[in-house]
Structures are given as structure tokens and as C-alpha cells.
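>>> What follows is a protein structure lacking sequence information:
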């Protein structure tokens, strides 16, 4: 068993090796490597598969009570300052390893089908592998510095993958937006890490927590500073897990290929924020103000995401806002101290949201056969409908995902969401109220999505809707980016030239449907691990400060009546949401458009994403540009002048001194003797 | 008394590494005579490389032995000398890698070149451990005379001849001054030749002026070797005329030997006048940093630019020397180690460029990126490292140096060092920019007619190996600087007289409590503990 732990470093290293091999191949023998498409894919998938097997072995051994394992090497030391790097294996790591490797593995298999015709197929695998490696490195990190290193690495991979189709202007801009927004959070995180180190002298989570408590208790550090540091660290998760107010990058990041949306922007990287909060739990737990901020940020984000998701027509954007909303739940859970509930939801959400995204990818893949490769058409739900006939596997798995996320028992989402809501109620009924309302909206928009995609009649061939959608997009593109933006018609022409394959969409190949089916299993069943009356999950994952028997004691005090009330409430509102959705989008008894007209301001607020993008554009983007222009003026006139003067002086001196080198040896000797003489006189 | 007994009494095992080099030298010399010049070109360099590797290996083996004086106290094989001897042996090794093709193309005999280069190496290595006046002078002259010969090795090139003659004349003058200084020491100490004995005798002496004159004379000799301003004037002329591999050796190996001599002679023999020699070296450091870096800006030839830049670099190293703390010595040796790779890497690159195009004018490098990306990459990295751009090795070298200086309170020197290294970045980057940024139509003529890249001719492979070795070392030695730094720290800690020089100063280990503006590797906290 020890051997397994000694070689646990292989888990992040194996995908890295794959990425390196393929990446070097791409750099050195580009054409040759690109020709070996499937061979590269097989290499990378099997390396990740090996990492997955290792991860499961570790999870198994952790479940059977193996002690946590920590291995570090000294990376840099200067005097009393030591920086260690290494890896740690505990329950949380083992769980995350298993979740990340399974989702990554399935997404990689899926990619083979989805990207089959893309010229960047091999490059995509290299990036995927690099991302997996960074993500796995993140979860095994034993201290904040190493977390930060990998935190930035996953951010960089996300940037590369969002901008994978960098020749599409929207994708390139989305990548930049994601990068810049994340910079804001990462800078806060860096400041927080350095601040905590300044205060406590350590990068180790538990040591920081303990010392911070002592410092605050002894009055050496004021509570205000401690809270400030906590909030700064929390800024990292805010950006990475797309929490309000830094959530704006995630919907745009959907410009990346769908497997990326499933892996990075639904299941793993965005959950890294929640993971970091879990790791920093010993620190946050001692700062009630920070915990409150976290809880309310989460609750508000959950609500915000759900309200926006209601009106989205792009299937991926809808799922993106749903992800934001669900991440809000997890963060809220962390904030109210429901450590294991938050992580439980992280795990269930990773599986069912990955499946939903992959399902949406499968739908898009099918739609592209009909409407061509323009994302404005292929991803718009107004053109879909009735896909259940053509894509049975996708539709069934998507339905499972919808049920899971809506919190219908016994699907996975029910158990985790219910646990969060229960804990929130215990902490603050207002939080519970927000969460409960959001649960209803979640059920509504998910089934709105399901019904308009898979039920009813297929609308993909109605040219007038296509024209209308393209018109909307054109207007938007011109308005938002001005002249010089890429002409969307070019894409349309490209698609036209290829010719549409058929009038009806088709089911995706088996490499794409298989991962969907596999992911459906945990989406249905994994929630049973964390049923409140028999909570295996909480017995395995519990906050670092608490002891195992305590946790089990609390878990055993289970009250059926209370559970029935809580569960009844959340299931009830979910059913209302579903019913409403079926009335509006399945049987069409209620006209959605009429409601939208009646509630015009609210509808516009939601459709325009609460105007966050516009506000940020005016305040930050335009403001920055104005400031930059002014600074440029100063720089040009004042700073450049000073620099040029210095440079000029240096060059003139250099030219002048050059003439002391006249090449005459006797002169050199003279200088030597003069220098000796001079030194003797001065020294004496 | 039989030979074995004598050897053990003299503790001759301490000079086994030098023995290996001398043996190699003999094999090369006799082998070339016996087997003829033509075939010698093919094997002598490899024998020399093997011999040097063996020597470095033997030095490694000596690391854990307790340092003992050998040859009746003339030679000290402590860890300090082991590190410095390794630096010299390694610099010769890399020099050989880059010189094979060069000498071959110039049509001179390789065997003889190796023989002279190895003699210089032996001289330099002995100098690192010498603790006795005669020993010091003999090894210094071995190094010097071999250097003169190497400088004039291109017999048919008048510039090489001129350089050799100038070098010889100025060298002879400075040797004379140095020898005068040694003889004064001998007289003042009442006939002692061992450094520690001299120090003891001088401590009781009263002739302060005589001691100062001896000190200045000795410093003049050392400064000539390390090319400190104002004893630097031979450098540009000699560097310009001498064969480029020789310049590489002079700027690294020979300089390291000079610093070794400075550390040993000044700290051991002159504890009575610490203030004075530190003052003189401060002046030398200031002058070297300013003049070396400023004049380098105006140079148009790559070799001359590197010549002046090496004067400036020596100025940086002197910061570590004058502050007299343990951390100062450690960072100084660390910088020498890093400098070895980055400077030799740069020389390898300009040799490669000269071999392919026949010129070393900076303007001719324009647009090289389009034709030879590897050479551009290697030269850029080496130059940027010399300029101290993170995360390359040179950055960490400079950080340690300046850090040690700052701690010891030499604020003025450190600030001057920072300012002049900014100036140095200007002229290093100018070359990089010349190579990388230029548009295809701005390419210089020689680059336009750049020959196809061919690594097959005799001596090109070693050149390639040298290029990669120095490139890799320059790229990663900084990030992985911890083992190297531990090594030099150990080397310094175990030498007693380095502590006595300035015992009150704090060691490297203690860093201030709040230093947010410093780069990450050094940011620390006094109450930090292991993570």
C-alpha cells in the first residue's frame, strides 16, 4: 500500500508526460504528428486512464482508513525561509482525484467524436492533457504556494482552450475576458497568500488557521486585518468559480469547444474555487464575518445565475448560467459551514453537469448537420425541438441530468442540494429562502431547456427563424464590436459551401454517446452515498478540525420529520417549476412571449444578464482606456524625456571614455604605475 | 626515504586532480609528437576533455575529505579551493569544446593548443590552493605565460601577434610590481613565506607604510589578472586580437584564478589592513562597474563588447569580495560559477557565428533569427542572463550578490551595481533586438548569405555539445540554484580565515522581517518556520 502512495506523484505527471510528448511532436514534426491523430489520442487517453486507475486505488485505500500521506521536498530555502513542494493525499484529495480523472477520461473519449473533423484535433488533446495534469496537481498540493502555481496553470489552460478556435473573433475575445477577469481574482488571492504568510509565517492551511486564531485571540493582529486577508483569499475562488461580481467570464467562455465546457467550465476547474475554500476551511472557520460574506456571495450568485438562465436561448449559455448558479450553492454551503454538503454537491454536480454539457455538445453536433457550423444557429434552442426522435440516447441522458439538477429524488442532485438547503436553514432562514426559490427556478429553466430541445416539432428547417437569428446576431456584432469585426456571413458561406448533410439531425457516434451513458450512472446513483439517514459521504469527507466519531454522532441524530418537511418543500417547488415549464414549452397552454411582454423590465433585465457586461464595459473597460491614454501622454512627454536624457548621457560618456583606449602599450603601463602610486597615496 | 613514503608525508594526494591534468598534458604533447599532427587533431581534444573530466571527478571525490595542508603547507586543498579549481577545470573544458573547430579552421595545430591551454589550467588550479609566496608566484606565472602564448597562437594573424606582445609587456610590468610586493612581504615579515606566518609576523610589526605599499603592489598584480579598472587597459586590445576561445578562457578561467588568488592572499596575509584593502577594492569595483558597462555601450564588435562587459561583471563580483562577509564570499563564488556558463555560452555562440560568417560585428547579427533560430535562442538567453533578466541564472547570481551587499550595509555599492546592471541590459538587449526584431528586408548581408547549417565537419559536434550544455545550465541553474548555493556556502563556511575577516557581520541566512518588494525566492519572514 505504501508503494501506491510513494508513486502517487505519477497521477499528475502521467498526463503531463502525454502533453509534453504530443506538444514536442507538434512543435518539431508538426505535419507528422498531426497525421497520427488517433495514435496521439490513444496515448493521451491511456495515460490518463492509468492516472484514473491509480486515483481509484488511492480512493479505495483512503476509504479503508489509510492514514493521510504527505511527501514534500525542499524546493528553495534561504536561511529560515523554507519553501517546500510535494503532494498530500487525504480524503478530500482522494475524492477530487477520482472525480477529476473520471470526468477528464470520459471527456477525452467524447472528444474523439466531437472533434473528429477539426484540424486542431491533436493540439486539442495536448491541451486537454496539460489541463488534466494541472488540475490534478492542484488537488494534490500540500500548501498555498503550490496551489497558486497550479491555480495559474489551470487558468492558462482554460485561456488556451477557450480561445481554441482563435480565428473566431468571439472566441479570442472570450479567452481574453476569462483571462483578465481571472487576473483580478488571482491578484487578490496572491495578496491574500502573501498577507497570510506575513501574518502567520506559513503556507500550510492548518498552521495558518491555528496561528491566525492565536494572533487574533492575543490581539497581535486585529480582526479587521484577518478578515481582509480572508476576503482577499476568497477573491481567488470568486473569480475561478464565477461568483458574483466576477462571474461574467464563464458564459462567454462557452465559445470554447463543448468538451472543454464540460470538463473545465462545469466539472473541474470552476470547482477549484470551492476546493480552495474547502482547503482553507481551517482559516475561514475562525472568521465568522468572512464565512457570512462567502455564504451571501454564494446565495446571491445562485439566484443571479438562475434568473439569467431562465431567458437564455443559447443552449450552452443557459447551461453556463446554471453552472454559475450551482456553484453559488456550493459556495453558500461552504459559507454556512456545511463543508461536506458543499463538497458532496461539487461531486454530484461534476457528474451531472458534465453529462448535461456533453449532451448539449451532442445536440449541437447533431444540429450542425442541419444548420451548418455557425454557433449562432447550431446552439440556439429556438431552432431545435423534437430531437428526441432523432437522438434517443442523448435525450434520455439529458432528461436524467435535468431531473438530477432539479432535485427530484432519488437522483443525485436531490440529496446534495437538500443537504445544503437543510444546513442553510439551520444557519439563516433567509439564505434558505433564496436557495429554495432558486431551486424552483432551476427546475423551470432546465425543463424549459429540455422541452424546447427534445420535445415538440423540429424547427431546424424553418428558414425564417434562421434569418431572424442571424439578423439578431448581426445587429449585435456590429453594435458591440464596431467595424472591423469578423463578418459572420463568412462563416455562413463556409457552411453553405460544405453543403448541409441532411434535413434532420442524427444521433452522435458511439464515442460521444458512451460517455453520456457512463455519466448517467453516477448522476442517478451517486446521491445515495449521501442520504441523510445513512450518510457514507459525510463519514468520509468532514471538516479538518472535526474528528470522525463526532461527525458520525451528528449524522446519526437524524430526524425523519424534519427531513420530510425540508425535502417536501424543495421537491414541491421543483415540481411547480417543472409543471410551469411543461405548460409553457411542452403543451404551450401558457404563452411565454405574452408573459415576457407583461413583465418587460424583468424580462429585459434577465435577457441582458442584469446589464453586468454593459456596466463593466462602461466603468472598467472605457475607464481604463481613458486612464491609459492619459498615462500615455505623461509617459510620452515626461518619462521618455528623462530616459532619453539618461541614455544620451551614457552613450556620450561611453564614446568619450573609449578614447582612453589608444592601443599604445607604454601608455597602458604608465596608467598602471600611476594607479599604483595613487592607491598608495590614498590608502596611506 | 622511498617515494611512497615521501608522497604520503607531503600529502601529495591533495594535488591528484592537477596530476590528472598534467598527465593528460604529457599524453597530448608526446602523442602529437609521436603520431603526427594530422591524426592528433582527431584525438587530442577528446583526451584533454577526458583528462579534465577525470580531474573534476577527483575534485568531487576530495569534497568530503578533511582539508589538509600539503607540500609542507604550500598547498591547501580545502573546499574553497576545490570549488574554484572545479570552476577553472570546467571553464577549460568548455573552452576546448568550442576551440576545436576554430583552431582547425585557422589551420593551426590542435595538439599544441591543447598543451598550452592545459598548462594554463594547471597554473590556475594550483593558484587556487597556493598558500605560500613562491608557490603563488610560480603558479601565477605558469598561468600568465601560457596565456601569452595562447594569445599569440594565430601566428599568421598580425592582430594576434600584436595582442600577444602587448599582453606580454603589460603582464610583465604588472608581474614585476606583484613580485616586488611579495618581496616586501617577505622582508617585512622577517623571512616568512607562508601566508599565515606572514600575517602573524606582520601583526607584531610596526612598519605600516611598508605594509601598505606591499598591499597596493600585490593588489596591482591581482587586478591585472581580473582586469579591474584601471588595470584593465590590456583587455580590449588583447580580447580583440586573441583567438576567440582564448578570450573565453581569459574572461572566465583566468579571472576565476585571479579571484581565487585575491581571496586567499588578501584575507590571509593582510588581516592587519582589512580596511585598506577593502577600500581599494571598493574603488576598483566602482570604477570597473561604471567604466566596463558604460564603454561597452559604444562598442561595435561583439568581442570587444564582451571584453568590456566582462570588466563590468568583474566589478559586480568584487561587491561580494569587498563586503567581507561569509555571504559575500559565497555569493561571489556562486556568481563565478554562473558566470562560467553564461559567458562561455555567449562566446560559444559568437564563435559559431564567426565560423559560419567570418565576422563578429554586432550589426551583422541583424535578422539572424530568420536563418538560425537555435543560435539566436542560445545567444539571446546567454546575453539576457548576463544582463540579469529573470528567471535565468544570471538574475539569481546578481540577486545573491546584491542581497549580500545590502545586508552588509554596502548600500552605495549595491545601488551602483543595480544602476550599472540596468545600463548593461541596454547593450545586451541591443544585440538580442538586432537578431530577433529585424524584418527580413533589414537582414545584414552576411545573414542573407548565411550558409546551410551543418554540424558534420570536424569539431562542430563538440561545439554543439558545448552550446547545449551552457544553454541548459544558463536556463536552469537559477531556478535550481539551491543545491549550488548550498555547495558554495559549505565551501566558504569551512574556511577559517574568511570568518575572521569580518566576524561581526551577519551571515546570509538572516533576512529582514518585511521585504515585500523583493522577488519571491528571497521574500521571507523572521518568524517563518518549515512549512
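Looks like it came in fine. What you see is a predicted model, and the numbers here were worked out from it, not measured in a lab.

>>> which intervals of chain B have sub-threshold pLDDT?
Counting by pLDDT under 70, chain B shows low-confidence ranges at B:1, B:499-531.

>>> Just the buried positions in whatever helix or strand residue A:23 lives in, please.
Using DSSP states H and E, the element containing residue A:23 is helix A:10-28. For helix A:10-28, burial by neighbour count (16 or more other C-beta atoms under 10 Å in any protein chain shown) applies to A:10-16, A:18-19, A:21-23, A:25-26. All C-beta atoms are positioned from the backbone trio N, CA, C, and that covers glycine.

>>> Turn these into a markdown table, columns for pLDDT and distance to residue A:424.
Output for the buried residues of helix A:10-28, formatted as a markdown table (pLDDT from 0 to 100; distance: C-beta to C-beta, whole Å):
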| residue | pLDDT | distance to residue A:424 |
| --- | --- | --- |
| A:10 | 85 | 40 |
| A:11 | 87 | 34 |
| A:12 | 87 | 35 |
| A:13 | 88 | 40 |
| A:14 | 89 | 39 |
| A:15 | 88 | 37 |
| A:16 | 89 | 39 |
| A:18 | 87 | 42 |
| A:19 | 88 | 40 |
| A:21 | 86 | 47 |
| A:22 | 86 | 45 |
| A:23 | 83 | 45 |
| A:25 | 81 | 50 |
| A:26 | 80 | 48 |
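
>>> May I see those residues organised as TSV, with distance to residue B:105 added?
Output for the buried residues of helix A:10-28, formatted as TSV (distance: C-beta to C-beta, whole Å):
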residue	distance to residue B:105
A:10	49
A:11	52
A:12	49
A:13	45
A:14	48
A:15	48
A:16	43
A:18	44
A:19	43
A:21	39
A:22	41
A:23	38
A:25	36
A:26	37
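
>>> contacts with chain B among the residues you listed, please.
Filtering the buried residues of helix A:10-28 for proximity to chain B by C-beta under 8 Å from any C-beta of the partner chain leaves nothing.

>>> picking that back up, residues touching the helix holding residue A:23, excluding its own?
A:32-34, A:40, A:43-44, A:47-48, A:50-51, A:54-55, A:58, A:87, A:97, A:101, A:104, A:122-123, A:125-127, A:129-130, A:132-134, A:136-137, A:140 (C-beta atoms under 8 Å, 6 or more residues apart in numbering or on different chains).

>>> Repeat the analysis, applying 7 Å as the threshold.
With contact meaning C-beta atoms under 7 Å, 6 or more residues apart in numbering or on different chains, helix A:10-28 is reached by A:33, A:40, A:43-44, A:47-48, A:50-51, A:54-55, A:97, A:122-123, A:125-126, A:129-130, A:132-133, A:136-137, A:140.

>>> Keep only those that also lie close to chain B.
Contacts with chain B are made by none of the contacts of helix A:10-28, judged by C-beta under 7 Å from any C-beta of the partner chain.

>>> Straight-line length of stretch B:26-43, end to end?
From its first residue to its last, stretch B:26-43 covers 14 Å (C-alpha to C-alpha, to the nearest Å).

>>> and which of the buried residues of helix A:10-28 is nearest residue A:211?
Among the buried residues of helix A:10-28, residue A:12 lies closest to residue A:211 (C-beta to C-beta), at 29.1 Å.

>>> Against residue A:140, how distant is the closest one?
Computed as C-beta to C-beta, to the nearest Å, the residue A:12 to residue A:140 distance reads 6 Å.

>>> go on, residue B:108?
Per C-beta to C-beta, residue B:108 is found 58 Å from residue A:140.

>>> Looking at these two, which has the bigger crowd around it?
residue A:140 (24 against 19; other C-beta atoms under 10 Å in any protein chain shown).

>>> Now that one. Nearest residue, chain neighbours left out?
residue A:87 (4.0 Å; C-beta to C-beta, 6 or more residues apart in numbering or on different chains).

>>> just residue A:368 next, same as before
residue A:378 (4.8 Å).

>>> Share the number of residues neighbouring that neighbour, please.
Applying other C-beta under 10 Å, we find 24 other residues in the vicinity of residue A:378.

>>> Name the residues of whichever strand or helix holds residue B:34 that are buried.
Following DSSP H and E, one finds residue B:34 within helix B:16-35. Buried positions in helix B:16-35, judged by neighbour count with 16+ other C-beta under 10 Å: B:17-22, B:24-25, B:27-29, B:31-32.

>>> Get me the contact residues on the stretch 201-350 of chain A for chain B.
For the stretch 201-350 of chain A, the residues in contact with chain B (C-beta under 7 Å from any C-beta) are A:201-204.
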